[in-house]
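>>> Just need the structure, nothing else, for what follows:
(one chain, ligands or ions: 2)
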Amino acid sequence: MIVAIDQNLCTGCRECAEVCPAYAIVGEQGKPQTIDTSRCVMCGQCVQKCKSYVSILTHGKDAYEKVKKERNIPDCVQEPLFAAHAVCNIDKVNAALADPEKLTMVQCAPAVRVAIAEEFGADLGTLAPGKLAAALRKIGFDRVYDTNFPADVTIMEEGTELIKRVTQGGVLPMFTSCCPAWVKFMENTYPEIKDHLSSCKSPQQMGGAIFKTYGAELEGTDGSKVFSVSVMPCTCKEFECERPEMKDSGYRDVDVVMTTRDLAWLIKSKNIDWDALAEEEFDQPLGLYTGAGTIFGVTGGVMEAAIRTGYELITGQPIPDVEVTAVRGTEGFRVSHLKVGDLTLKVGVVTGLKNVVPVIEAMKAGQLDLHFIEVMTCPEGCVSGGGQPKLLMDTDRAEAYAARRKATFDHDKELPYRKSHENPAIKKIYDEFLKEPNGPIAHHLLHTKYCIK
Ligand code: SF4
Ligand code: SF4
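Ligands and ions are numbered 1, 2, ... in the order given. Next up, the predicted model:
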């Protein structure tokens, strides 16, 4: 169970069913709802929307504590707990931290740094990478790394794959594969288009595979000693990390996932004073990232990052404007034609999983002329993910998404490197370990297949 609805708490308002992109929530109005697990893609949008809750005030201390215990939520938590909820893995993280045999390596997704401070009373969309790194170190992780680094690796791998497909006649359009809920939806509903997906693993899984191989080598140990933890804005990332094929190094790429909300609970349970934290850096080299890596957190960001690198790899010239504003925005489906040397690159960006259905149908009917399509399940990409801080009012949610998006682009602007291929740590890992994008080592560790039953 990654996402579930507590039958004792659900009031049957069915607001969750309105936001569920997979039509997976079933039940009569006014009666407890259930999730059809054959359809659910574990995006957690129902978790964000749910308004039925248990609190000490409404149900009494015993009832509240019982729910908390059932869900493995730390004792310090006193906030209302909602009927629609996601699995909480804090106990597994604590067990690994307490194990002297384990070298714990943690990575944080780009959308976490623009949202976690909200859990400690900061303004919506406060950018806090320095406090985030400091908090993770204080919790006790041995290495504090960043998913933005494997996001840069993803661009090297996915960009190279796209260029090969375009120039050598591969299956087009190619779809991004970094959103596991979109991948699950495709596997559930449209398995016949699986060859259109990039074979790249998501940044989270690439990060985990790198920790257990190159990361272990840097420490003079082997992958069996490394415990790989992810902090994600996404409830579906736990499902992704449990996929049986995600262990090409011989070890599971990622051992456990915490959401942004879980991390806030963990920080509180360790009595860490967020406001008093002095900013720190992520560890090197697997925590060094570019602006291209950080914009993965917003809709259109993967596409923009890919174009920043793809343009320069194809033409050998600097891209005229690093900010590819043509692919930004929040509309459900956006198409752009971009001049890349002699090629007109035709790209599309889908945000909100329901919006992908007409795109796929048009593609199947031969009415879609595009090279590359980004798909993100959540309404504005990962900044609005199911594991992000929860807001009850729709207006607050819209404000938060806009503020987190702005903070993401502000962060991109302030970083010294803004293109994945210019990241010195990317050059280093390809020189020392991966050798070449889409080469044999990269293919073995960082790529995968879909629709494996
Ligand atoms: S997790 Fe997503 S797909 Fe599953 S029931 Fe909730 S909203 Fe629907
Ligand atoms: S858009 Fe991001 S947060 Fe939402 S399901 Fe996809 S990967 Fe997860």
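
>>> C-alpha from now on. contacts and neighbour counts both.
Noted.

>>> Assign the residue of the stretch 251-400 of the chain found nearest ligand 1 to helix, strand or coil.
Nearest residue of the stretch 251-400 of the chain to ligand 1: Gly386, at 7.8 Å (Cα to the nearest ligand atom). At Gly386, secondary structure determined by DSSP: H, G, I helix; E, B strand; the rest coil is coil.

>>> residues contacting it?
If you count contacts by Cα atoms under 8 Å, 6 or more residues apart in numbering, Gly386 has them with 43-48, 233-235, 378.

>>> which bits of the stretch 351-453 of the chain sit near ligand 2?
Residues of the stretch 351-453 of the chain that fall close to ligand 2, judged by Cα under 6 Å from any ligand atom: 376-378, 381-382, 385-386.

>>> In strands, which of those residues appear?
If you go by DSSP state E, these have Met376 in strands.

>>> Rebuild the residues of the stretch 351-453 of the chain next to ligand 2 as TSV, extending it with pLDDT.
Formatted as TSV, those follow (pLDDT from 0 to 100):
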residue	pLDDT
Met376	98
Thr377	98
Cys378	98
Gly381	97
Cys382	98
Gly385	98
Gly386	98
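
>>> residues of stretch 140-158 that come out buried?
Within stretch 140-158, the residues scored as buried using 16 or more other Cα atoms under 10 Å are 141-158.

>>> That one - what's its average pLDDT?
On average, the pLDDT along stretch 140-158 is 98.

>>> just stretch 293-307 next, same as before
pLDDT averaged over stretch 293-307 gives 97.

>>> Provide the backbone phi and psi angles at the residue of the stretch 251-400 of the chain closest to ligand 1.
Gly386 adopts backbone torsions of phi -70, psi -20, taken as degrees, to the nearest 10.

>>> just Lys69 next, same as before
The phi/psi pair for Lys69 (degrees, to the nearest 10) is phi -70, psi -40.

>>> From Leu81, how far off is it?
Lys69 is 11 Å from Leu81, where distance means Cα to Cα, to the nearest Å.

>>> ok, these two, which is more surrounded?
Between Lys69 and Leu81, counting by other Cα atoms under 10 Å, Leu81 is the more crowded of the two (21 against 11).

>>> number of nearby residues for Gly300?
The number of residues packed near Gly300 is 29, by other Cα under 10 Å.

>>> Pull the contacting residues for it.
Gly300 neighbours (Cα under 8 Å, 6+ apart): 327-329, 349, 374.

>>> For ligand 2, give me its nearest residue in the stretch 1-150 of the chain.
Going by Cα to the nearest ligand atom, ligand 2 is nearest to Cys43 of the stretch 1-150 of the chain, at 4.5 Å.

>>> Okay, and that residue sits in which element?
For Cys43, there is no host helix or strand (DSSP states H and E).

>>> same thing with Val229?
strand 226-232.

>>> all helices of the stretch 101-250 of the chain, in order?
Taking DSSP state H, counting those that start in this stretch as the criterion, the stretch 101-250 of the chain carries its helices at 129-139, 148-168, 180-189, 203-210, 216-218, 236-242.

>>> Point out the most buried one among those.
helix 203-210 (a mean of 28; mean count of other Cα atoms under 10 Å).

>>> How about Arg21: what's its closest non-neighbour residue?
I think there's a mix-up here, since residue 21 is Pro and not Arg. Sequence neighbours aside, Lys354 is the residue nearest to Pro21 in space, at 5.3 Å (criterion: Cα to Cα, 6 or more residues apart in numbering).

>>> what's the pLDDT at that neighbour?
pLDDT, Lys354: 97.

>>> residues contacting it?
Lys354 makes contact with 21-22, 377, according to Cα under 8 Å, 6+ apart.

>>> Quick check: it is in a helix.
Yes. Counting by three-state DSSP, Lys354 is part of a helix.

>>> how close does it get to Leu338?
From Lys354 over to Leu338 the distance is 26 Å, taken as Cα to Cα.

>>> Is Arg308 in contact with Val322, as I believe?
Yes. With contact defined as Cα atoms under 8 Å, Arg308 counts as touching Val322 (6.2 Å).

>>> who touches Ser55 in this structure?
By Cα under 8 Å, 6+ apart, the contact set of Ser55 is 61, 64, 78-81.

>>> Narrow those residues to those that are buried.
Neighbour-count burial (16+ other Cα under 10 Å) is assigned, among the contacts of Ser55, to 64, 80-81.

>>> Mind checking which of those are in helices?
Within these, residues falling in helices by DSSP state H are Tyr64.

>>> For ligand 1, state which of the buried ones among the contacts of Ser55 is nearest.
Proximity of the buried ones among the contacts of Ser55 to ligand 1 was ranked by Cα to the nearest ligand atom; the top entry is Leu81 with 16.0 Å.

>>> For the stretch 301-450 of the chain, which segments count as strands?
Taking DSSP state E, counting those that start in this stretch as the criterion, the stretch 301-450 of the chain carries its strands at 333-340, 343-351, 372-376.

>>> which one of the ones you listed is the most hemmed in?
strand 372-376 (a mean of 26).

>>> wait, does that strand contact ligand 1?
No. If you take Cα under 6 Å from any ligand atom as the test, strand 372-376 misses ligand 1, and the best it gets is 12.6 Å.
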